[in-house]
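Colleague: Okay, sequence plus prediction incoming.
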Amino acid sequence: MRDLVEIGMGREARRAYDLGQIEIVPSRRTRSSKAVSTAWQLDAYRFDIPLVTHPTDAVVSPSSAVRVSELGGLAVLNAEGLWARHGDAEGALARVVEAATGDEPDTALALLQELHQAPIQPDLIAEALRPLRDGSHTVAARVSPQRARELTPALLAAGVELLVVQGTIVSAEHVSDGEPLNLKDFIADLDVPVVAGGVGDYRTALHLMRTGAAGVIVGYGQSTATTTDEVLGVGVPMATAIVDAAAARRDYLDETGGRYVHVIADGGIGTSGDIARAVACGADAVMLGEQLAEATEAPAGGLYWTSSAAHPSLPRSEVTGLGRSGRALEQVLFGPTDSPYGTTNLFGALRRAMAKTGYSDLKEFQRVGLNLRT
């Protein structure tokens, strides 16, 4: 039953919950963390940890993408970002870092907008993806719904094996002044799996699953850098959104007689405990950006923003200065750590949470009991 609350005469709103309001309930058994698997598989591609990188230039460069893949995650390069527009993308990033850390940090956003006015060049996309392709890593790239039809042929020619169609809010059919993007027809014409999102409710998640998407992104990358709620008034309480998408996945599984669509949680995740809660609510993987920005391999020197920061007329992300932690990406993901706050050893902590509650793999852990914190 939907939890509706009257907010005024004749108007109701649904009560929804963030991950921080959810607690995981231990079961009657525990197990050794060595007997726990955090592996998951999306279509034909297997990953050791349920990590998908948020496709932002602040975190994902050609070299950092390779490192994420070496450590067992899925790195997604932004095919509309700086590496697709500038031959010297590192130099362009250095200019952003200099602006953000200088006397007038507010100029960094305007600079990002300016840098993204340069045209996208297919040869630069191919060059950016080459280290992944040459290293036999899974090659994944993100496009917006508005440019998916335009850029996908070049991405496929560059060796993309997994396509991410991601915007702040994505529907099964994107209506525009020109020909709308019908995701069902678009996906049917492709030979590679497509992950699409973000969504925040059951109905939209189910509609995206019916397009043939291999995965659905829940959320819009909510973090300290995002301003979507302030700009658009749109909010996605992640615990409820993930549970709703998992319900859509279950109904779609019954509807199709066994086709499983992965749910990827993007946003509202600050600590390793939030990762565990997201999986417990039904996510197959989490999309992380801000949590990785402090690693020594992150290309923006400890700064973070999402791709919506570069929108030419309505940016919905700021450039946030997190600073370098001095920790390598491997330590951020697997430890060891001297921090007791869940910001390092993210997936070692997930493994421990699964072990402490007696579950051996991610699919089992999705059935763990939950409490609501009052």
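Modeller: Nice, I can see it. Numbering: from 1, shown residues only.

Colleague: How far away from the center of its chain is stretch 26-44?
Modeller: With CA atoms, centre = their mean, to the nearest Å as the basis, stretch 26-44 stands 21 Å off its chain's centre.

Colleague: hang on, I meant stretch 11-23
Modeller: 21 Å.

Colleague: which one's the longest helix in the protein?
Modeller: helix 238-256 (DSSP state H).

Colleague: Dump the C-alpha coordinates for it into PDB.
Modeller: What follows is helix 238-256, C-alpha atoms only, in PDB (Å, rounded to 0.1, in the frame of the first residue of the first chain):
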ATOM      1  CA  MET A 238      16.900   6.700  -3.000                       C
ATOM      2  CA  ALA A 239      15.700   3.900  -0.800                       C
ATOM      3  CA  THR A 240      12.100   4.200  -2.000                       C
ATOM      4  CA  ALA A 241      13.200   4.700  -5.600                       C
ATOM      5  CA  ILE A 242      15.400   1.600  -5.600                       C
ATOM      6  CA  VAL A 243      12.700  -0.500  -4.000                       C
ATOM      7  CA  ASP A 244      10.200   0.700  -6.600                       C
ATOM      8  CA  ALA A 245      12.600  -0.100  -9.500                       C
ATOM      9  CA  ALA A 246      13.300  -3.600  -8.000                       C
ATOM     10  CA  ALA A 247       9.500  -4.100  -7.900                       C
ATOM     11  CA  ALA A 248       9.400  -3.200 -11.600                       C
ATOM     12  CA  ARG A 249      12.200  -5.600 -12.300                       C
ATOM     13  CA  ARG A 250      10.300  -8.400 -10.500                       C
ATOM     14  CA  ASP A 251       7.100  -7.600 -12.400                       C
ATOM     15  CA  TYR A 252       9.000  -7.400 -15.700                       C
ATOM     16  CA  LEU A 253      10.700 -10.700 -15.000                       C
ATOM     17  CA  ASP A 254       7.200 -12.300 -14.600                       C
ATOM     18  CA  GLU A 255       5.900 -10.500 -17.700                       C
ATOM     19  CA  THR A 256       8.700 -11.700 -20.000                       C
END
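
Colleague: The next helix or strand after that helix - what's its average pLDDT?
Modeller: Next helix or strand after helix 238-256 toward the C-terminus (DSSP states H and E): strand 262-267. Here strand 262-267 scores 97 as its mean pLDDT.

Colleague: Please apply the same query to stretch 161-170.
Modeller: 86.

Colleague: Same check on stretch 184-197?
Modeller: 95.

Colleague: mind listing what's buried in it?
Modeller: Of the residues in stretch 184-197, Phe186, Ile187, Val192, Pro193, Val194, Val195, Ala196, Gly197 count as buried by neighbour count, 16 or more other CB atoms under 10 Å. In short, each C-beta sits where N, CA and C put it, glycine included.

Colleague: Could you tell me the end-to-end distance of that stretch?
Modeller: 14 Å (CA to CA, to the nearest Å).

Colleague: could you measure the closest residue to Val25 other than its chain neighbours against Gly282, distance?
Modeller: Once flanking residues are discounted, Val25 sits nearest to Gly369: 3.5 Å by CB to CB, 6 or more residues apart in numbering. Counting by CB to CB, to the nearest Å, the separation of Gly369 from Gly282 is 13 Å.

Colleague: more crowded one of those two?
Modeller: Gly282 (21 against 11; other CB atoms under 10 Å).

Colleague: thought that one was touching Thr240?
Modeller: No - in this structure, Gly282 is not within contact of Thr240 by CB atoms under 8 Å, at 10.9 Å.

Colleague: contacting residues around Tyr325?
Modeller: One correction, residue 325 is Ser, not Tyr. Applying CB atoms under 8 Å, 6 or more residues apart in numbering, we find Ser325 in contact with Glu294, Ala295, Thr296, Gly302, Val332, Thr344.

Colleague: Can you check the pLDDT for Glu173?
Modeller: At Glu173, the predicted lDDT confidence score is 54.

Colleague: now do Gly178
Modeller: Predicted confidence (pLDDT) for Gly178: 59.

Colleague: Likewise for the one 3 residues further on?
Modeller: In the predicted model, Leu181 carries a pLDDT score of 80.

Colleague: what bridges to it?
Modeller: Going by DSSP bridges, Leu181 is paired in beta bridges with His174.

Colleague: distance of it from Leu208?
Modeller: 12 Å.

Colleague: So for these two, which sits in the more crowded spot?
Modeller: Neighbours per residue (other CB under 10 Å) separate Leu181 from Leu208, with Leu208 holding more: 30 against 21.

Colleague: Val234 sits in which helix or strand?
Modeller: Here Val234 is assigned to no helix or strand, by DSSP H and E.

Colleague: count of residues packed around the residue nearest to it when sequence neighbours are not counted?
Modeller: Counting by CB to CB, 6+ apart, Thr228 is the residue found nearest to Val234 once chain neighbours are left out, at 5.6 Å. Neighbourhood size, Thr228 [other CB under 10 Å]: 21.

Colleague: Check Arg95 too.
Modeller: Arg95: 16 neighbours (other CB under 10 Å).

Colleague: Can you pull out the residues in contact with the strand or helix carrying Pro153?
Modeller: Element membership for Pro153 (DSSP H and E) is helix 148-157. With contacts defined as CB under 8 Å, 6+ apart, helix 148-157 is touched by 79-80, 120, 122, 125-126, 141, 143, 163, 165, 181, 186, 190, 192.

Colleague: any chance of those in a markdown table, plus distance to Gly87 and secondary structure?
Modeller: Listed next are these as a markdown table, based on distance: CB to CB, whole Å; DSSP: H, G, I helix; E, B strand; the rest coil:
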| residue | distance to Gly87 | secondary structure |
| --- | --- | --- |
| Ala79 | 16 | coil |
| Glu80 | 16 | coil |
| Ile120 | 13 | coil |
| Pro122 | 13 | helix |
| Ile125 | 12 | helix |
| Ala126 | 13 | helix |
| Ala141 | 18 | strand |
| Val143 | 20 | strand |
| Leu163 | 24 | strand |
| Val165 | 26 | strand |
| Leu181 | 29 | strand |
| Phe186 | 30 | helix |
| Leu190 | 29 | coil |
| Val192 | 27 | coil |
